[in-house]
Structures are given as C-alpha cells and as structure tokens.
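K.L.:
Below is the structure, and that's it, no one-letter string:
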Ligand SMILES: Nc1ncnc2c1ncn2[C@@H]1O[C@H](COP(=O)(O)OP(=O)(O)OP(=O)(O)O)[C@@H](O)[C@H]1O
Ligand SMILES: Cc1cn([C@H]2C[C@H](O)[C@@H](COP(=O)(O)O)O2)c(=O)[nH]c1=O
C-alpha cells in the first residue's frame, strides 16, 4: 500500500466524548482544505456494521466467547480496512476513526483479560504494518463518564449495549490498559483530559492538531 493520507484515531472509554470530538477533529481538518473520511469501529462499512450489530446486541441469551469477540473485532476491521480505510489513505484523504486497535488492547486485553501477544498477532495479520499516525486518547474517570453516558441514553432513549452493561471494574481495567499503551508510545498518543468542559477539551485537541499537523506538512 502507498499511504498518502494520514490516519487519526480517537480512543477512550464509554461516554468520554469520542463521537462529539470526532466531528470536531474532522471539521478542524476540513477547514484547512484536507479531504477527510470520518468513520468508526467496529463498523464503518455495511458488512462491518453488521458485525458491530452482533458484537453490541445485548439480547442474545448465549454468552459471546471472548475469543469469538476478539475475532469478530478483527473480522470487522479487515473489512473496514479493505473497503474504506486503505483506499482513502491511498488516494490521499485523511481518515478520522472513532476507535481502532487500541480499543482491542484495552477492552479485549485489559477488560476481558486476553493476553496482549495474541492480540498483537492478529494486529499484524490484519493490518500488515498499518497503524494510526496520531491517537487522541480522551481520558477521564469511568465513574464520571458514566453520568454523561446516562444523560445520552436518556436523551436518545436508547438501551445500554452489551459493553455498556459491564461493571465499573471492567471500565477501570480498560482505562488502565489505554494509559499503559499511551505511556508505551508517547510519539503516537496525545493524552487529552476529557473531564474538562467541552470547549476546553476542544482547545486541547486543536492545540495537539496544530502541533502535529504542522510537523507533517
Ligand atoms: N466535555 C464534555 N462535557 C460534558 N458533556 C460532554 C462532553 N463531551 C461530550 N459530552 C456529552 O457526553 C455524552 C457522551 O458523549 P459522546 O457520545 O460523544 O461520547 P462517546 O465517547 O462517543 O460515547 P460512546 O463510547 O458510548 O460511543 C453526550 O451527551 C455528549 O453531548
Ligand atoms: C473497536 C473496538 C470496540 N470495542 C467496544 C467498545 C465499545 O463499547 C463498543 C463500540 O461502541 P462505541 O459506540 O464506540 O462506544 O465496542 C471493543 O471492545 N473492541 C474494539 O476493538
């Protein structure tokens, strides 16, 4: 693959503001004349969205095995990469993605306890060396984020999905795994305090983008 565009991901636990700020990052880039493809994981293409449906649906009475969950995440990712992310990067568009493989290390690794070496093997098999250029990690306490999430569920009158039904200890483990990954790769990650008011979060995002995008141009 000849990668001409840049690949930016937003990561973090439930309700920290990823969807809100994916929109902000995409507009910030578009205002600077950059072609942007905005997407999300699991999902982003019709088949990958169908896999998302299986992963998030809380109504099956059979437990989803953790290995099946892991493989479905990567199945959706393989489809998403082939159909959407790689073609966009090859033509020079920038991809802004709500979650990517750091979420697998955090949720399936930190949350479910799958050994990170096994996740890394799938990462290599599916991504063939492709990884984000910049990962914006929106970090805040899961307890505080829960209130935001509950507000959104109330406003949109939607039910909790299969992950949102997990206990606080699961989300503490997810947060810990994200922070470990950010510490291990400081050149790729930017840590954003997502507990701030939205205008402050977006000022931090804009400052990070200003610094990184200038370096790339
Ligand atoms: N900095 C902020 N301060 C207060 N409320 C916020 C802030 N950022 C986002 N919100 C609100 O919190 C709720 C959750 O935000 P959002 O849906 O963007 O989070 P998310 O990380 O994408 O959630 P999920 O992981 O469930 O997809 C929304 O109602 C949003 O308007
Ligand atoms: C990519 C990815 C996602 N997940 C989990 C994390 C969330 O609970 C859901 C996606 O829903 P959201 O609207 O983005 O919050 O999927 C995961 O467990 N592993 C992954 O690799």
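P.N.:
Yep, that arrived. These figures come from a predicted structure and were not determined experimentally. Residues are numbered from 1 along each chain as shown. Ligands and ions are numbered 1, 2, ... in the order given.
K.L.:
The helix or strand hosting residue 138 close to ligand 2?
P.N.:
For residue 138, the host element (DSSP states H and E) is strand 134-139. No - Strand 134-139 does not reach ligand 2 (C-beta under 6 Å from any ligand atom); its nearest approach is 11.5 Å. (Each C-beta comes from the backbone N, C-alpha and C, glycine too.)
K.L.:
Which neighbouring elements make contact with the helix or strand just after that strand?
P.N.:
The helix or strand immediately downstream of strand 134-139 is helix 142-156, counting by DSSP H and E. Under the contact criterion of 3 or more C-beta pairs under 8 Å, 6 or more residues apart in numbering; DSSP states H and E, helix 142-156 touches helix 168-184.
K.L.:
Report whether the helix or strand following the helix it packs on contacts ligand 1.
P.N.:
Next helix or strand after helix 168-184 toward the C-terminus (DSSP H and E): strand 189-193. No - Strand 189-193 is not in contact with ligand 1 by C-beta under 6 Å from any ligand atom; minimum separation 9.5 Å.
K.L.:
going forward can the numbers begin at 20, since that is how I track them
P.N.:
Fine by me, first position is 20 from now on; the one you just mentioned is strand 208-212.
K.L.:
Just the buried residues of the following helix or strand past strand 208-212, please?
P.N.:
Next along the chain after strand 208-212, taking DSSP H and E as the criterion, comes helix 217-235. Residues of helix 217-235 classed as buried: 220, 221, 223, 224, 227, 228, 231, 232 (neighbour count, 16 or more other C-beta atoms under 10 Å).
K.L.:
same deal with stretch 189-197?
P.N.:
Those would be 189, 190, 191, 192, 193, 194, 196, 197, for stretch 189-197 by 16+ other C-beta under 10 Å.
K.L.:
where does the chain come near ligand 1, residue by residue?
P.N.:
So the chain meets ligand 1 at 31, 33-39, 167-168, 170-171, 216-217, 220 (C-beta under 6 Å from any ligand atom).
K.L.:
Can you say which two of those residues are spatially most distant?
P.N.:
33 and 216 (19.3 Å; C-beta to C-beta).
K.L.:
Who has more neighbours out of these two?
P.N.:
Comparing residue 33 with residue 216 by other C-beta atoms under 10 Å, the one with more neighbours is residue 33, at 19 against 8.
K.L.:
right, and the more buried one touches residue 161 too?
P.N.:
Yes - between residue 33 and residue 161 there is a contact under C-beta atoms under 8 Å: 7.4 Å.
K.L.:
which residues are common contacts for those two?
P.N.:
residue 190 (C-beta atoms under 8 Å, 6 or more residues apart in numbering).
K.L.:
who's sitting farthest from the centroid in the chain?
P.N.:
What lies farthest from the middle of the chain is residue 80; by C-alpha atoms, centre = their mean that is 27.3 Å.
K.L.:
Just the pLDDT for the most centrally placed residue in the chain.
P.N.:
What sits nearest the mean C-alpha location of the chain, by C-alpha atoms, centre = their mean, is residue 118, with 1.0 Å. Model confidence at residue 118, given as pLDDT, is 98.
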